[in-house]
Structures are given as structure tokens and as C-alpha cells.
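Colleague: return a 3D structure for these sequence lines:
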Amino acid sequence: MIVAVISDTHMPRGPRRLPDACVERLRSADAILHAGDFMTVEVLHQLQALGPPVHAVCGNVDSRELILGLPVQRVVAFEGVRIGMVHDAGPSGGRLARMRNRFPDADAVVFGHSHIPLHEDQDGFQIFNPGSPTERRRAPKHTMGVATIDGDSLTFELIALD
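Modeller: Now for the predicted structure:
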């Protein structure tokens, strides 16, 4: 199973749009995870129109409609894997342990907020930030992630989009 992972799309803003390579991966995935900061509900609807089911949490710059309609955190299950989702995982110090405590039944946590890609793994528990496909800030490139799930095995890959 292939799960496309994005966060911090921050749209609409000027001519900003998802890169074609990102849209291709989203469309061909079995599911999409979005870790918040869509900005408007129309962006969620655009993602849903691509086909795969979209699992999402709200972010700190999302519209009132998104904040009322999406959870702050959630856990999604695929095959034998459980992935926690939250927008802001807090300060970098102690983040992995904090996420393990916040999502004790999850195998991994996907988050966003910083726009800086990150993947950490400790004793089989993983945290993953896919960066942003549209607003890289201090990251060198626009990015997204792909999670590959095979039974109870989960691997994350960071994809550079430019």
C-alpha cells in the first residue's frame, strides 16, 4: 500500500499550486495524509477530487470551517500499521518521546507546521514531517512524503519536488 503524505499547502496564495509531480503521486496513492495548514476547505475538496481517500487534521492557519470539520489529532490504520497525525508536534527537543507518549498505540506520527522535512526512528517508532510541496521556507526544496506499508511494515521516503 502506498500512502502520499503532505502538509502545509497554504493555498490559495497568489499563483501557488501543487507541483505536477506532487499531484501525480497523490493521484496514484492508495490514500493521502495531510497534516494540516490547508488554509481553505476548497483545498481539501481539491485533494478529495483526486480519488484516494484523504485523512487530515487541522492546522493553525486553517479556516474556521476546517477547524470545525477536522480533528486536531487522529490515528489512521492501514493494514497492520497505525499512524498518528497532528499538525504541530512541538519543539524539536524530546519530540520523538513526546509523540510516542501522545500516540501510545501508533507505530508512527506524521506532522507538519515547521515546513522542514524530518524523519526519526527509535526502537521501531517513527516520526515524519514531509515538509511542504508549496512553501519551503528554510528547507532547500519543496517536498512531500510517501509511506509504503506492507502488512505491519512501514517505511517513509522523502520526495524532493524541485
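Colleague: distance of Asn101 from Gly59?
Modeller: When distance is defined by Cβ to Cβ, to the nearest Å, Asn101 is 22 Å away from Gly59. C-beta here means a position set from N, CA and C on the backbone, and glycine is covered the same way.
Colleague: more neighbours: which of those two?
Modeller: Neighbour count, other Cβ atoms under 10 Å: between Asn101 and Gly59, Gly59 has more, with 25 against 9.
Colleague: now do that one, the pLDDT please.
Modeller: Each residue has a pLDDT score; the one for Gly59 is 97.
Colleague: ok, now how distant is it from Pro133?
Modeller: Gly59 sits 14 Å away from Pro133, going by Cβ to Cβ.
Colleague: so what's the gap between the helix or strand containing Val43 and the chain middle?
Modeller: Remark: Val43 resides in helix 41-48, with elements defined by DSSP states H and E. Relative to the centre of its chain, helix 41-48 is centred 15 Å away, using Cα atoms, centre = their mean, to the nearest Å.
Colleague: and that helix, what other elements does it pack with?
Modeller: Using 3 or more Cβ pairs under 8 Å, 6 or more residues apart in numbering; DSSP states H and E as the contact criterion, the elements in contact with helix 41-48 are strand 31-34, strand 54-56, helix 64-69.
Colleague: which one of these lies nearest to Val146?
Modeller: For those, proximity to Val146 was assessed by Cβ to Cβ; strand 31-34 is nearest, at 10.3 Å.
Colleague: list the contacts of the closest one.
Modeller: Taking Cβ atoms under 8 Å, 6 or more residues apart in numbering as the criterion, the residues outside strand 31-34 that touch it are 1, 3-7, 9, 26, 44, 47, 50, 52-57, 76, 78, 83, 85, 110, 147.
Colleague: quick one: buried ones out of those?
Modeller: Of the members of these, the ones counted as buried by neighbours, 16 or more other Cβ atoms under 10 Å, are 3-7, 9, 26, 44, 47, 50, 52, 54-57, 76, 78, 83, 85, 110, 147.
Colleague: may I have stretch 52-68 as CSV, with CA atoms only?
Modeller: Provided in CSV are the C-alpha atoms of stretch 52-68 (Å, rounded to 0.1, in the frame of the first residue of the first chain):
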residue,chain,number,x,y,z
PRO,A,52,-7.8,8.4,-3.0
PRO,A,53,-9.3,8.8,0.5
VAL,A,54,-7.9,11.9,2.3
HIS,A,55,-7.2,11.7,6.0
ALA,A,56,-6.4,15.0,7.6
VAL,A,57,-6.0,17.1,10.7
CYS,A,58,-6.5,20.9,11.0
GLY,A,59,-3.6,23.3,11.2
ASN,A,60,-3.0,26.6,12.9
VAL,A,61,-3.8,28.8,9.8
ASP,A,62,-6.8,26.8,8.6
SER,A,63,-10.2,28.4,8.1
ARG,A,64,-12.9,28.2,10.7
GLU,A,65,-14.7,25.7,8.5
LEU,A,66,-11.7,23.4,8.5
ILE,A,67,-11.0,23.8,12.2
LEU,A,68,-14.6,22.8,13.0
